[in-house]
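have a look at this fold, sequence not included:
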Ligand SMILES: Nc1ncnc2c1ncn2[C@@H]1O[C@H](COP(=O)(O)OP(=O)(O)OP(=O)(O)O)[C@@H](O)[C@H]1O
């Protein structure tokens with residue numbers, strides 16, 4: 001009897017259910033639940049110390065959950081029949097032997113999993129460090145280490161990729177490259193890409209879905225468009241009440257803000273033109289923060305978040 005074909009690689013998602021991790025009396029991850037869909041890039045966002053890395057480590061079986069589940073393709077990492085072909089991770093750009101070339105590092109890793117050397121060269125080409133990979137990894141820049149880590153994560157051609165702050169240490173061109181590469185992996189290769197960052201702006205242009213955590217807990221999740229909300233513009237004129245009437249007659253939502261008007265429902269060009277046509281000289285016109293930017297700022301600056309980080313000087317051994 002022949003074995004049935006493996007399930008489609010494009011169908012492997014991530015499920016986190018009631019996931020909790022405590023270190024002593026400190027709760028690093030607190031009853032977290034979310035799903036990550038295949039063939040999309042999902043941003044895993046939160047301020048420093050929110051619990052992102054701990055969650056990723058639980059998905060990889062490196063940290064044991066106190067309770068709840070962290071599943072890839074419906075299974076715990078330890079129960080995956082082919083872990084390397086299911087999930088690849090670039091957690092930190094360290095762990096490479098400094099005296100060994102990047103290429104040799106990958107070859108050793110590949111050999112221990114029965115992966116041919118040509119896959120190593122193919123990947124070094126793909127991540128853009130074919131020549132540099134012959135040099136000793138000890139001399140690599142942070143950006144090169146990030147690319148090498150990404151190549152290592154891709155060795156087994158996994159369905160799911162977990163990338164922890166992959167833009168760290170990359171220059172603007174490297175960041176552009178990384179964004180395009182993540183989109184390519186998800187959209188053209190159908191991979192499930194979960195990318196963590198403590199900077200919203202770093203991933204905002206790349207991700208389709210967002211999971212935001214703070215203090216180990218879920219803060220918000222949804223598509224990036226849902227979370228951004230309607231774009232709003234701040235407009236200042238000498239007679240805000242007069243302009244507000246004009247814009248409201250046009251069906252726009254207008255609220256007083258910061259001595260001017262916060263207008264939702266139209267872009268700056270339309271508001272400027274409307275104000276001009278109604279005889280108002282515009283003193284200032286600028287886009288306001290999106291709902292997502294506001295939320296992220298609140299989370300980053302909340303006293304609860306600061307206190308939590310100050311209170312974490314007791315690392316478990
Ligand atoms: N082994 C450990 N023992 C004690 N506390 C830990 C341990 N590992 C993580 N923590 C704490 O758990 C919290 C969450 O850490 P984690 O690294 O998961 O956050 P993060 O969201 O990835 O932050 P960053 O953006 O800084 O990487 C932090 O306060 C951290 O100090």
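The structure has been received and is ready for your questions. Just so you know, these numbers come straight off a predicted model, no measurement behind them.

excluding its backbone neighbours, what's nearest residue 197?
residue 203 (4.7 Å; Cβ to Cβ, 6 or more residues apart in numbering). Where you see a C-beta, it was placed from the backbone N, CA and C, and this is true even at glycine.

for the one you found, give me its contacts.
43, 45, 167, 195, 197 (Cβ atoms under 8 Å, 6 or more residues apart in numbering).

now the residues you listed as CSV including neighbour count, pLDDT and distance to the ligand?
Output for those, formatted as CSV (neighbours: other Cβ atoms under 10 Å; pLDDT from 0 to 100; distance: Cβ to the nearest ligand atom, whole Å):
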residue, neighbour count, pLDDT, distance to the ligand
43, 24, 97, 13
45, 30, 95, 9
167, 19, 89, 12
195, 25, 97, 12
197, 22, 94, 8
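
out of these, who's nearest residue 88?
Of all those, residue 195 has the smallest distance to residue 88: 12.7 Å, by Cβ to Cβ.

in strands, which of the contacts of residue 203 appear?
Of the contacts of residue 203, the ones assigned to strands by DSSP state E are 43, 45, 195, 197.

now do the same contact list for the nearest residue to the second one once chain neighbours are set aside.
Nearest residue to residue 45 in three dimensions, chain neighbours excluded: residue 212, at 4.8 Å (Cβ to Cβ, 6+ apart). Residue 212 makes contact with 45-46, 218-221, 227, 295-296, 299 under the criterion Cβ under 8 Å, 6+ apart.

if I've got this straight, residue 212 is in a strand?
Yes - note on residue 212: a strand contains this position according to DSSP: H, G, I helix; E, B strand; the rest coil.

hmm, back to that, the contacts of residue 203: which two are farthest apart?
Most distant of the contacts of residue 203, by Cβ to Cβ, are 45 and 167, 12.5 Å apart.

residues shared between the contacts of these two?
What both residue 45 and residue 167 touch, as defined by Cβ under 8 Å, 6+ apart, is the set 197, 203.

residue 169 - nearest residue in space that isn't next to it in sequence?
residue 142 (2.6 Å).

what is the neighbour count of the one you found?
Per other Cβ atoms under 10 Å, the neighbour tally for residue 142 reads 13.

do you know the pLDDT at it?
pLDDT for residue 142: 84.

any idea how far residue 208 is from it?
In this structure, residue 142 and residue 208 are 27 Å apart, going by Cβ to Cβ, to the nearest Å.

secondary structure added to the contacts of residue 212, as CSV?
CSV is the format used below for those (three-state DSSP):
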residue, secondary structure
45, strand
46, coil
218, strand
219, strand
220, strand
221, strand
227, helix
295, helix
296, helix
299, helix
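
ranking by neighbours, what's the top pick from these?
residue 45 (30 neighbours).

I figured that one hits residue 198, correct?
Yes - Residue 45 is in contact with residue 198 according to Cβ atoms under 8 Å; the separation is 7.3 Å.

doesn't residue 49 belong to a helix?
No - counting by three-state DSSP, residue 49 is not part of a helix but coil.

got phi/psi on it?
Backbone torsions for residue 49, taken as degrees, to the nearest 10, come to phi 80, psi 10.

likewise for residue 139?
Dihedral angles (degrees, to the nearest 10) for residue 139: phi -100, psi 10.

that one: how many residues sit nearby?
The number of residues near residue 139, taken as other Cβ under 10 Å, comes to 10.

follow-up on the earlier one: separation between the residue nearest to residue 45 and the ligand?
Relative to the ligand, residue 212 is positioned 11 Å away (Cβ to the nearest ligand atom, to the nearest Å).

for residue 239, see how far away the most far-flung residue of the chain relative to its centre is.
Most distant from the centre of the chain: residue 279, at 45.3 Å, with distances by Cα atoms, centre = their mean. Residue 279 sits 9 Å away from residue 239, going by Cβ to Cβ.
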